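A.B. asks: One predicted model, sequence on top.
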Amino acid sequence: MFQSCLRLLSAMLADNVEIGGEAHIERLYLFCLMWTFGGLLDKADRKGFSDLLKSLSTALPDDDRDICVFDYYVDESGEWDPWQSRVPEVGYSDSLNMLGDVFVDTVETIRTRILMEFASQSGQNILLIGPYGSGKTSMINDFISTQDAMTAIHKRLVFSGASTSKQLQQFIELNVFHRQGFVYGAKEGKKFRLFVDDINLPKPDGDGVQRVNERHFAVFSLAAPEGEGLKNVVHCVLEAHMTQNDSPGLIIDLHNAIVQASCRLLQLCRRHCGLVTCRAESTTPSHCGTSTTVLWSADLNWFDATLDKLVKDTWQVESETLTQTFLTFNTDARSHQRVGIVDRQKFNKVVLQPMADMKLVYNCLNTLLIRHNEELGNVKLDIMLSDHIIHYIIKLHRILTLHHSGSMLLIGSVGCHLTTLCRLALYLADIDIFKLDTSKTNGFLDGLRSAIRVTGAEVNNILRAIEQYTLLQVDGPE
């Protein structure tokens, strides 16, 4: 840890063109010290660590407000400035990226990115930790995109629960080359930088003891946005989507109401997840006076009654009329004509409309089912349409026709005909199935490359289906 602190200090001293004396160097050292030794602490512990540092040094910022030294950085002149001053007024790009995503900068993201830049300049390995959804992968991808491609080669490797150390070693060996003697590296004398996404902790041994990793990284923590930071993220994302393609956007009152509701909904989801994952003994009547199940049912009844009253008082309509099922396809079977590859992109558009009558949907799907069995006699679909099955096909079609493509994992018991339901939904969405050779790993990867080439050449969506027996093959893809 002390070595990481000194390396950060060396990078910051090299970055500052003019050093304003010993006080400037002392503040830079304290900045590196507090982020190396206290960067992984949570908010409550950071305040105590801040008070400890203030009792040992007089070069730290003296602020009577309820904030700590972690809320400050050392600027070019050697003075302490709050991190909030580094947050840009516009937190999103003028246009969305190709996946429709937008990255909003907060105090945490800007602070972590600057620390990563100094750690990278000092030649340290970086380990970025944080809760799910805090933006770790997006931040590192953005960090890599800003690096000079003339001096370094960047590779990405996504880990999962099935990944092994042998796979990591093989991946590195494929991307490094012999230079001279015992020296290996990337091509053309460049640096080799590897981004491992979701690295795994060591497996516990037979006694349940988990071996501790040796610290070979500069470890930084990226906290999930909360409070005003979370509201700013939701505000910027909503505004970026609503003003896309020169749209006027939402009115201010509606925009602010959606932001408030989204933040409250996220809080409710987190609390519900906490109730679900808490231990059974913590929800018994002896601990909380009543069971969580009864309390949750009462909350649901209260929520339904409040929502019904709110809808009726605001729009003078019953809430049932606002919860209709929406379809992403036309219920007129004559509009579902199989077209050529050239014209497919023009006809394959999503039509969002409420489901007026289940009988119309049944007639449409039944007509398409008969047409499918007539056109593809060798792959007949043996299925009896019911309300339950129709609702599943509606859900599958909604996912498959998502604008930026949708991936899904279908899980069901034996006899639920998941493959049949999926084939009918694909026929309805006019999406072809691309067959993959899953006997060997190399064949599987070659099939993925071929699928990408086909979609690019024909400007058309295709589906890659991987079934359970394929995943269980010994020599199949991992």
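C.D. replies: Arrived safely, thanks for sending.

A.B. asks: Let's verify residue 253: helix, strand, or coil?
C.D. replies: Here residue 253 is recorded as helix under DSSP: H, G, I helix; E, B strand; the rest coil.

A.B. asks: can you count the residues close to it?
C.D. replies: Counted by other Cβ atoms under 10 Å, the residues lying close to residue 253 total 8. Placement of C-beta: from N, CA and C, glycine included.

A.B. asks: Ok, residue 225 next?
C.D. replies: Count around residue 225 with other Cβ under 10 Å applied: 22.

A.B. asks: in terms of contact, does it touch residue 108 like I think?
C.D. replies: Yes: counting by Cβ atoms under 8 Å, residue 108 is a contact partner of residue 225 at 6.9 Å.

A.B. asks: Figure out the helix or strand that the residue nearest the centre of the chain lives in.
C.D. replies: Taking Cα atoms, centre = their mean, the centroid of the chain lies closest to residue 133, which sits 5.6 Å from it. Per DSSP states H and E: residue 133 is located in neither a helix nor a strand.

A.B. asks: tell me the secondary structure for the nearest residue in space to it that is not next to it in sequence?
C.D. replies: Nearest non-adjacent residue to residue 133, counting by Cβ to Cβ, 6 or more residues apart in numbering: residue 224, 6.2 Å away. Secondary structure, three-state DSSP: residue 224 is coil.

A.B. asks: okay, now residue 224: neighbour count?
C.D. replies: Neighbours around residue 224, by other Cβ under 10 Å: 15.

A.B. asks: ok, it to residue 270 distance?
C.D. replies: 10 Å (Cβ to Cβ, to the nearest Å).

A.B. asks: now do residue 202
C.D. replies: Applying Cβ to Cβ to residue 202 and residue 270 gives a distance of 29 Å.

A.B. asks: Please apply the same query to residue 150.
C.D. replies: 44 Å.

A.B. asks: who has more neighbours, those two?
C.D. replies: Per other Cβ under 10 Å, whichever of residue 150 and residue 270 has more neighbours is residue 270, with 11 against 7.

A.B. asks: Remind me which helix or strand that one belongs to.
C.D. replies: Under the assignment here (DSSP H and E), residue 270 is part of helix 252-277.

A.B. asks: Same question for residue 204.
C.D. replies: With DSSP H and E as the test, residue 204 turns up in no helix or strand.

A.B. asks: That one and residue 212 touch, don't they?
C.D. replies: No: using Cβ under 8 Å, residue 204 is not in contact with residue 212, being 11.8 Å away.

A.B. asks: Report the buried residues of stretch 143-155.
C.D. replies: 143, 153, 154 (16 or more other Cβ atoms under 10 Å).

A.B. asks: Narrow these to those in strands?
C.D. replies: Those of these mapping onto strands are 153, 154, per DSSP state E.

A.B. asks: what would the buried residues of stretch 143-155 look like in a markdown table with distance to residue 88 and pLDDT?
C.D. replies: A markdown table is the format used below for those (distance: Cβ to Cβ, whole Å; pLDDT from 0 to 100):
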| residue | distance to residue 88 | pLDDT |
| --- | --- | --- |
| 143 | 17 | 88 |
| 153 | 31 | 89 |
| 154 | 25 | 90 |
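
A.B. asks: Closest one of the buried residues of stretch 143-155 to residue 236?
C.D. replies: Nearest to residue 236, judged by Cβ to Cβ, of the buried residues of stretch 143-155 is residue 143 at 19.8 Å.

A.B. asks: Residue 331 is in contact with residue 362, isn't it?
C.D. replies: No: at 9.4 Å, residue 331 and residue 362 do not qualify as touching, with contact defined as Cβ under 8 Å.

A.B. asks: Looking at these two, which one has more neighbours?
C.D. replies: Neighbours were counted for residue 331 and for residue 362 using other Cβ under 10 Å; residue 331 has more, 19 against 16.

A.B. asks: tell me the SS of residue 138?
C.D. replies: helix.

A.B. asks: Residue 149 now?
C.D. replies: Residue 149 - assigned by three-state DSSP - is coil.

A.B. asks: mind checking pLDDT for it?
C.D. replies: pLDDT recorded at residue 149 is 85.

A.B. asks: now swap in the one 3 residues further on and tell me
C.D. replies: Confidence at residue 152, expressed as pLDDT, is 89.

A.B. asks: list the contacts for it?
C.D. replies: Shown in contact with residue 152 (Cβ atoms under 8 Å, 6 or more residues apart in numbering): 186, 190, 191, 192, 193.

A.B. asks: Could you list the buried residues of the host helix or strand of the fourth one?
C.D. replies: Applying DSSP H and E as the criterion places residue 192 in strand 191-197. Using 16+ other Cβ under 10 Å as the test for burial, strand 191-197 gives 192, 193, 195, 196.

A.B. asks: So what's the residue count around the closest residue to the first one other than its chain neighbours?
C.D. replies: Going back to what we said before, that points to residue 192. Nearest non-adjacent residue to residue 192, counting by Cβ to Cβ, 6+ apart: residue 186, 3.9 Å away. Here the count is done by other Cβ under 10 Å, and residue 186 has 17 residues near it.

A.B. asks: now residue 186: how far from residue 433?
C.D. replies: 39 Å.

A.B. asks: So which helix or strand of the protein has the lowest pLDDT on average?
C.D. replies: helix 341-347 (a mean of 45; mean pLDDT, DSSP states H and E).

A.B. asks: what residues are up against the residue nearest to residue 192?
C.D. replies: 152, 153, 175, 176, 177, 192.

A.B. asks: would you list every one of the strands in the chain?
C.D. replies: Under DSSP E, the chain gives strands at 72-74, 80-82, 126-129, 152-158, 177-180, 183-185, 191-197, 218-221, 326-327, 353-354, 432-434, 462-464.

A.B. asks: helices or strands up against the fifth one?
C.D. replies: Judged by 3 or more Cβ pairs under 8 Å, 6 or more residues apart in numbering; DSSP states H and E, strand 177-180 is in contact with strand 183-185.

A.B. asks: do the second one as well
C.D. replies: Judged by 3+ Cβ pairs under 8 Å, 6+ apart, the packing partners of strand 80-82 are strand 72-74.

A.B. asks: ditto for the third one
C.D. replies: For strand 126-129, the helices and strands in contact under the criterion 3+ Cβ pairs under 8 Å, 6+ apart are helix 107-121, helix 136-145, strand 218-221.

A.B. asks: Mind listing what's buried along it?
C.D. replies: In strand 126-129, counting by 16+ other Cβ under 10 Å, buried: 126, 127, 128.

A.B. asks: Neighbouring strands - and their directions - for it?
C.D. replies: Its sheet considered, strand 126-129 pairs with strand 218-221 (parallel) by DSSP bridges.

A.B. asks: Could you give the separation of the strand it pairs with from the chain centroid?
C.D. replies: Using Cα atoms, centre = their mean, to the nearest Å, the mean C-alpha position of strand 218-221 is found 20 Å from that of the whole chain.

A.B. asks: Can you give the contact residues for that strand?
C.D. replies: So strand 218-221 is contacted by 4, 7-8, 35-36, 39-40, 112, 115-116, 119, 124-130 (Cβ under 8 Å, 6+ apart).

A.B. asks: hang on, the earlier thing: tell me who's in contact with the residue nearest to residue 133.
C.D. replies: Taking Cβ under 8 Å, 6+ apart, one finds 130, 131, 133, 134 in contact with residue 224.

A.B. asks: Of the residues you listed, just say which sits nearest to residue 302.
C.D. replies: Of all the contacts of residue 224, residue 302 sits closest to residue 133, with 28.3 Å by Cβ to Cβ.
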